[in-house]
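>>> attaching a predicted model along with its sequence, questions to come.
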Amino acid sequence: MSDLAYIPLTRLDGSPDSLSNYAGKVVLIVNVASKCGLTPQYEGLEALYRKHKDEGLVVLGFPANDFGAQEPGSNSEIADFCSVNYGVSFPMFAKADVTGPDKQPLYAALTAAEPTKQGNAEEWREKLRGYGMTPTEDPEVLWNFEKFLIGRHGQVAARFSPATTPDDLALVGAIEVELAKA
C-alpha cells in the first residue's frame, strides 16, 4: 500500500478513516458538490459503485467548496442531500479543500502523484473562462467532480477531468482494467 493509505481522513459523520481501510480495493476518489452543474454525476457514481462493488470497487466522495461556493452546506446537510436526492451509499468524507494552499493532505498527495488529467480539461477551462471564472492549472484540481483512480496496490492509476462522466468509456475501461488485476 502506498503512502496515500496512511493519510488521516474524516467521514461526514466525524468518524476517522484512511485509505488503508480500502486496501486491496480499486478506489475512485471524487471531489463532489451539491450545487454544481455536474451534481447529477452523483447518480452515475452511485450506479458505478453498485455495479462493481462486489468486484472490489469503492467510490469515495470528498465534498469541497473550492469552486464557485457550490458546496455551502454542513457535513450533515451534505449527507442528507446525497441520501435524499441520489441515494448515495458509497462512503462520503468531511468537507475540506481540494485545491490551493489549504488543500487537504490527500489531495496534495493525489495531485503530486498524477499531475495531469485525462479528458477534455482544456475545453473545460475555456468554458469556465467564458463564464468569467479563472480556472486552475495542472496539477491543481480543475473543478468539482474530478476523479482519481487508485489501483488495488494503492497507486494512482489514472486521473480524469470533471466533465468525464461516470459512464464514460475511458473511465469505465480504466476501472475494469484495475479490477482485473490481482
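Received the coordinates, thanks.

>>> quick check: buried residues in the helix or strand harbouring Gly173?
Using DSSP states H and E, Gly173 maps to helix 169-180. Within helix 169-180, the residues scored as buried using 16 or more other C-beta atoms under 10 Å are Leu171, Ala174, Ile175, Glu178. Backbone N, C-alpha and C define where each C-beta goes, glycine included.

>>> taking the centroid of the chain, which residue is nearest it?
Val30 (0.8 Å; C-alpha atoms, centre = their mean).

>>> which residues does the helix or strand bottoming out on mean pLDDT in the chain contact?
Lowest mean confidence among the helices and strands of the chain (mean pLDDT, DSSP states H and E): helix 121-130, at a mean of 92. Here helix 121-130 makes contact (C-beta atoms under 8 Å, 6 or more residues apart in numbering) with Thr134, Pro135, Asp138, Leu142, Trp143, Ser161, Pro162, Ala163.

>>> quick check: phi and psi on the second one?
Read it as Pro135. phi -70, psi 160 (degrees, to the nearest 10).

>>> what's the burial count for it?
By the measure other C-beta atoms under 10 Å, the count of residues near Pro135 is 17.

>>> ok, now which ones touch it?
Going by C-beta under 8 Å, 6+ apart, the list of residues near Pro135 reads Trp124, Arg125, Leu128, Arg129, Leu142, Trp143.

>>> quick one: which of the residues you listed is the most crowded by neighbours?
Neighbour max across the contacts of Pro135 (other C-beta under 10 Å) = Trp143, 28 neighbours.

>>> ok, of the buried residues of helix 169-180, which one's closest to Ser2?
Glu178 (14.0 Å; C-beta to C-beta).

>>> mind checking how far the strand or helix carrying Leu48 is from the chain centre?
Using DSSP H and E, Leu48 sits in helix 41-52. Centroid displacement of helix 41-52 relative to its chain, using C-alpha atoms, centre = their mean, to the nearest Å, is 12 Å.
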